[in-house]
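Q: Predicted model and sequence below, questions to follow.
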Amino acid sequence: MRKLILLLLLSLAGLAGWLLHYATTLPDGGGYPLAFSVERGATLKSVSQDLHTLGALEQPWAFVLLARLSGQESSIKAGSYGLEAPASPLDLLRKITAGDTLLGKLTIVEGWTFRQMRQAVDAHGGLRHDTAGMTDEALLVELGMTDRNAEGLFFPDTYFFDQGSADLALYRRAQQAMARHLETQWAARATNLPYRTPYEALVMASIVEKETGAAEERPLIAAVFINRLRIGMRLQTDPTVIYGLGPSFDGNLRKVDLLTDTPYNTYTRAGLPPGPIALPGLEALRAALNPEPSRALYFVAKGNGRHVFSETLEAHNRAVNRYQR
């Protein structure tokens, strides 16, 4: 009996030693870099067999044993994974139990329209396109939103995600990010602003976003439009006219366009347009809710990405003559 017990102990010690060696040894096969997926509900046995087929893992049964002995057999996480170089079984186990997935990336640019955002999402090969063919209204319903207009409700940013994840999840993250930022900026807003609701501030932020790419000018651009609202002066901003023209706009804004009435034409209609005209970024939100103290009512482009601001029409006309004519 003693000999049997001793033999058993020696066998276990030998197995433990071999398993330790196995756990820390790099495999010989595999073409790198390589990618593999762990499907939702997949078993460790099936995952280990897939890795073995790819050449990234030797002795798949030992990999399963290693996971069981370490108590991680049921801890594997679904997702897409990548290996730049061979990895030991222990490192592989850590990777798939930690959810160290291969991430996709998509940048939604400040000032894009929601239509442009949808085009970028639809074109990304790393996403599962569950919303393909949906109308904007149907997409909002899928997100549990009651809004009728999707424009401006999604925050422009760079989003990282697991390869193969649902595009609807990305839309949800972008919508929640915009709601969070708008709520924060609304709570910290300046006093006596001519907005009744956060949504009106969002509309203004979208106009500010489209009027200038110079971050330092945004609070002053916002001040001009807010000053106009306060005195009942029309906003007369070209980006709203362009948005109202929709796909028919050919890149050349004409005088007839300024005179053609649409709900978004701020030359023909007073006040804010009925909704945002783009996806505003954080700096535009801040500017709309904390404008620079100023009495300026006019601005004109200098041709270098900056503007000249004026308090009177006479001063504005002089600036127009200098920089535009």
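A: Cool, the structure landed. Numbering: from 1, shown residues only.
Q: I'd assumed Y32 was in contact with E84.
A: Yes. In terms of Cβ atoms under 8 Å, E84 counts as a neighbour of Y32; the distance is 6.3 Å. C-beta coordinates here come from the backbone N, C-alpha and C atoms, glycine included.
Q: For those two, indicate the residue with more neighbours.
A: Neighbours per residue, other Cβ atoms under 10 Å: of E84 and Y32, the larger number sits with Y32, 12 against 8.
Q: Which residue, other than its chain neighbours, is closest to the more buried one?
A: Excluding its sequence neighbours, the residue lying closest to Y32 (Cβ to Cβ, 6 or more residues apart in numbering) is A85, at 5.4 Å.
Q: Provide a list of residues in contact with V203.
A: Neighbouring residues of V203 by Cβ atoms under 8 Å, 6 or more residues apart in numbering: 152, 272-273, 275-277.
Q: Would you point out the most distant pair within the residues you listed?
A: Largest separation among the contacts of V203 by Cβ to Cβ: G152 and L272, giving 11.9 Å.
Q: measure K302 to I76 for me?
A: As for K302, its distance to I76 is 59 Å (criterion: Cβ to Cβ, to the nearest Å).
Q: more neighbours, the two?
A: When K302 and I76 are compared for neighbours, I76 comes out ahead with 20 against 13, by other Cβ under 10 Å.
Q: can you count the residues close to the closest residue to the more buried one other than its chain neighbours?
A: Computed as Cβ to Cβ, 6+ apart, the closest residue to I76 that is not its neighbour in sequence is I96, at 4.9 Å. Applying other Cβ under 10 Å, we find 24 residues neighbouring I96.
Q: ok, which stretches of the stretch 201-325 of the chain are strands?
A: According to DSSP state E, counting those that start in this stretch, the stretch 201-325 of the chain carries its strands in the segments 298-301, 307-310.
Q: Which neighbouring elements make contact with the first one?
A: Read it as strand 298-301. Where contact means 3 or more Cβ pairs under 8 Å, 6 or more residues apart in numbering; DSSP states H and E, strand 298-301 is packed against helix 218-231, strand 307-310, helix 313-323.
Q: partners of it, with directions?
A: Using DSSP bridges, strand 298-301 pairs in its sheet with strand 307-310 (antiparallel).
Q: R228 contacts L235, doesn't it?
A: Yes. Judged on Cβ under 8 Å, R228 makes contact with L235 at a distance of 5.7 Å.
Q: With neighbour count, pLDDT and distance to P89 as new columns, can the contacts of V203 be given to me in CSV?
A: Listed next are the contacts of V203 as CSV, based on neighbours: other Cβ atoms under 10 Å; pLDDT from 0 to 100; distance: Cβ to Cβ, whole Å:
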residue, neighbour count, pLDDT, distance to P89
G152, 23, 97, 50
L272, 22, 97, 61
P273, 23, 97, 60
G275, 20, 97, 55
P276, 26, 98, 52
I277, 24, 98, 55
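Q: I'm done for today, thanks for sticking with me.
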